[in-house]
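1. Got a sequence here, can you build the structure:
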Amino acid sequence: MDINFNKNEDFNKLLLTELKKKLLNVYKGGGDAKIEKHKSKGKLTARERIDYLFDKNSDSIEIAAIAGNKMYEEHGGCPSGGVVVKIGYINNKQCIVVANDATVKAGAWFPITAKKNLRAQEISIENKLPIIYLVDSAGVYLPMQDEIFPDKEHFGRIFRNNAVMSSMGITQISAVMGSCVAGGAYLPIMSDEAMIVDKTGSIFLAGSYLVKAAIGESIDNETLGGATTHCEISGVTDYKAIDDKDALDKIRNIVDKIGDFDKAGYNRKESMLPIENPKDIFGILPASRSEQYDMHEIIKRIVDNSEIEEYKKDYGKTIICGYARIDGWAVGIVANQRKVVKNAKKEMQFGGVIYSDSADKATRFIANCNQKKIPLVFLQDVTGFMVGSKSEHGGIIKDGAKMVNAVSNSVVPKFTIIIGNSYGAGNYAMCGKAYDPRLIVAWPSARLAVMGGEQAAKVLLQIETASLKKKGEKITSEKEQEILESIKKRYDAQTSPYYAAARIWTDAVINPLDTRKWVSMGIEAANHAPIEKQFNLGIIQV
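-> Got it, this is the predicted structure:
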């Protein structure tokens, strides 16, 4: 091992430590005092409920754990978006679970809560995956109602999705384990089956105080909408549970009876571990996002037996395409090569940049994977498409458009791992969030932006100094440097993988060593949903 390997390893392991610290903080929800108060009512926390529900010692992945990070601080914050979403196994059946965290503002819905719930439903719809709702929520967070109530992708979309998912035959089960009020009361009742926990669960359109104010009726919440009312009088719920664990046991029993599903038929063989040590990733990946490295070495530490059958190996070298397996699943890998290479004309090509020949190769490979029904895995470390007169005259826009077209129209499941840079149109061509990857995750080393920090800061500096000069201010070199540092600091914060994850532009920031698990569980989920349409590129410039 050389000195650079050791420096890189130290740097990347520090990034991983930072991730672990952030997640430990997130797992505390509303904090120790709120957790203690919650548990004093005989209730499990959202995470304890999910852990109890899932099979013991089975794999699981958490969606958008960092949602809401450093958002809504003027409202006291919203850790993990006030809701926990995990994909895991219940009686060996893969399911997605959505659990309100009542220790965060009584489980109230912030804008990011709605976005996260909709993302969970999107995953369920795309993969025809059974979904379980563990309800414990005070409803919409009223101080921000204008940002969560009326729009298409706001609170009401949840119930529209309930109805659509039911028509699609996707299993939905709800357990009311705390408050379930106002519009939120429709979610469990629009599920296939609903249960309620006695004495702690309640469902009503308006609570006792509002009922008194609205119609003058005096009634307590338990009589108004408790378990006995809804299981014996209204018939709103199907099962009464004596406590949280009893409700979760009932869910496990129901899921246990679900029949088998139609499979998409993705190819899987016995899983084999990589021959090359995956932990070497920390030493291979440079500390600086501008440094070069060989993406082949990363791929070897992700794929089974460290083997990849490379497609057009000696053509379009700034994108690596090839067939491999991850945890036994056949995959097509599309990865940005991050070292300087030479093309057939002996011309130097920059690593991380997409050239015409690379875009052309990737387009053909994506089409091949669609024909063969092979899921696609994109490994992003891309600064964008090549610019300049030579590239423009060579039709870089046309070739880039072909690649974007292929990614957009791909019908096989796509999975995106942001390893390093994810800049500009490179993000789009390499299956960014806008291109419907089934799952999209980032390593702690990732950066997402329209362009790199240095370039962006210089452009923004020109704009800001020009504006100040128009106002008559004199800009010294010291003042210019001060402005530049301020811009760069702000821009760097916005390109952080945590900034993206907080807004659910990605599904998670993950330990690189968990990449195989995320891809494998993602393909397993996708295997629940047979492909229903043909791959068609439509009209493209040849």
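2. what comes into contact with the helix ranked longest in the chain?
-> Ranked by residue count and defined by DSSP state H, the top helix of the chain is helix 3-26. Applying Cβ atoms under 8 Å, 6 or more residues apart in numbering, the contact partners of helix 3-26 are 65-66, 69, 79-80, 281-287, 444-445, 498, 509, 511-512. (Glycine included, C-beta is placed from N, CA and C.)
3. okay, now Lys471: neighbour count?
-> Look at Lys471: counted by other Cβ atoms under 10 Å, it has 6 neighbours.
4. Let me see the confidence value for it.
-> Lys471 is assigned a predicted lDDT (pLDDT) of 82.
5. ditto for Val450
-> Reported pLDDT for Val450: 81.
6. repeat for the one 10 residues further on
-> The pLDDT attached to Leu460 in the predicted structure is 74.
7. For my notes, confirm Phe415 occurs in a helix.
-> No - Phe415 is assigned strand when assessed by DSSP: H, G, I helix; E, B strand; the rest coil, not a helix.
8. Distance of it relative to Leu484?
-> For Phe415, the distance to Leu484 (Cβ to Cβ, to the nearest Å) stands at 38 Å.
9. Now find how far off-centre the lowest-mean-pLDDT helix or strand in the chain is within its chain.
-> Least confident helix or strand, the chain: helix 453-470 with a mean of 76, by mean pLDDT, DSSP states H and E. Remark: helix 453-470 is offset 33 Å from the chain centroid, using Cα atoms, centre = their mean, to the nearest Å.
10. got the contact list for the helix or strand following the longest helix of the chain?
-> Next along the chain after helix 3-26, taking DSSP states H and E as the criterion, comes helix 32-39. By Cβ under 8 Å, 6+ apart, the residues outside helix 32-39 that reach it are 28-29, 45, 102-104.
11. for the next helix or strand after helix 32-39, packing partners?
-> Heading C-terminal from helix 32-39, the first helix or strand you meet, by DSSP H and E, is helix 46-53. Judged by 3 or more Cβ pairs under 8 Å, 6 or more residues apart in numbering; DSSP states H and E, helix 46-53 is in contact with strand 83-90, strand 93-100, strand 131-137, helix 244-256.
12. let's go with 7 Å and repeat that
-> strand 83-90, strand 93-100, helix 244-256 (3 or more Cβ pairs under 7 Å, 6 or more residues apart in numbering; DSSP states H and E).
13. Show me which positions of the last one end up buried.
-> Judged by neighbour count (16 or more other Cβ atoms under 10 Å), helix 244-256 contains these buried residues: 244, 247-248, 250-252, 254-255.
14. Quick one: those residues as JSON lines, columns for distance to Asp304 and pLDDT too.
-> Below are these laid out as JSON lines (distance: Cβ to Cβ, whole Å; pLDDT from 0 to 100):
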{"residue": "Asp244", "distance to Asp304": "40", "pLDDT": "98"}
{"residue": "Ala247", "distance to Asp304": "40", "pLDDT": "98"}
{"residue": "Leu248", "distance to Asp304": "35", "pLDDT": "98"}
{"residue": "Lys250", "distance to Asp304": "39", "pLDDT": "98"}
{"residue": "Ile251", "distance to Asp304": "34", "pLDDT": "98"}
{"residue": "Arg252", "distance to Asp304": "32", "pLDDT": "98"}
{"residue": "Ile254", "distance to Asp304": "35", "pLDDT": "98"}
{"residue": "Val255", "distance to Asp304": "30", "pLDDT": "98"}
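15. Present those as TSV; the columns should include distance to Cys180.
-> Below are the buried residues of helix 244-256 laid out as TSV (distance: Cβ to Cβ, whole Å):
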residue	distance to Cys180
Asp244	14
Ala247	13
Leu248	17
Lys250	17
Ile251	16
Arg252	21
Ile254	19
Val255	21
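16. returning to that earlier point: ok, Phe415 and Leu484, which is more surrounded?
-> Taking other Cβ under 10 Å, Phe415 and Leu484 do not tie; Phe415 has more neighbours (24 against 17).
17. Please verify my assumption that that one contacts Pro437.
-> Yes - using Cβ atoms under 7 Å, Phe415 is in contact with Pro437, at 5.7 Å.
18. Contacts only, for Tyr311.
-> Listed by Cβ atoms under 7 Å, 6 or more residues apart in numbering, the contact set of Tyr311 reads 321-322, 365.
19. make it 10 Å
-> Residues in contact with Tyr311 (Cβ atoms under 10 Å, 6 or more residues apart in numbering) are 320-323, 332-334, 361-362, 364-365, 368-369.
20. what's the closest non-adjacent residue to it?
-> Beyond its immediate neighbours in the sequence, the residue positioned closest to Tyr311 (Cβ to Cβ, 6 or more residues apart in numbering) is Cys321, lying 4.3 Å away.
21. Now that neighbour. Its backbone dihedrals?
-> phi -120, psi 140 (degrees, to the nearest 10).
22. Among the contacts of helix 3-26, name the buried ones.
-> 65-66, 69, 79-80, 281-286, 444-445, 498, 509, 511-512.
23. Show me the residues you listed that map onto strands.
-> If you go by DSSP state E, the buried ones among the contacts of helix 3-26 have Val509 in strands.
24. sorry, back to before: which helices and strands does the least confident helix or strand of the chain pack with?
-> strand 414-423, strand 447-449, helix 477-495 (3 or more Cβ pairs under 10 Å, 6 or more residues apart in numbering; DSSP states H and E).
25. ranking those by burial, who's on top?
-> Among the helices and strands packed on helix 453-470, strand 414-423 has the highest mean neighbour count (mean count of other Cβ atoms under 10 Å), at a mean of 26.
26. what's downstream of that strand, the next helix or strand?
-> helix 424-429.
27. shaky segments in the protein?
-> The model of the chain has pLDDT under 70 over residues 1, 183, 393, 452-454, 456, 542.
28. Would you agree the residue nearest to Tyr311 is in contact with Ala367?
-> No - at 11.1 Å, Cys321 does not count as touching Ala367 under the criterion of Cβ atoms under 10 Å.
29. what about these two, which has more around it?
-> Cys321 (26 against 16).
30. What residues are bridge-paired with the more buried one?
-> Beta bridges link Cys321 to Val334, judged by DSSP bridges.
31. What of Trp329?
-> Beta-bridge partners, per DSSP bridges, of Trp329: Arg268, Ile326.
32. That one: how many residues sit nearby?
-> Here the number of neighbours of Trp329 (other Cβ under 10 Å) works out to 24.
33. wait, it sits on Glu270?
-> No - Trp329 lies out of contact with Glu270 (Cβ under 10 Å); the separation is 11.1 Å.
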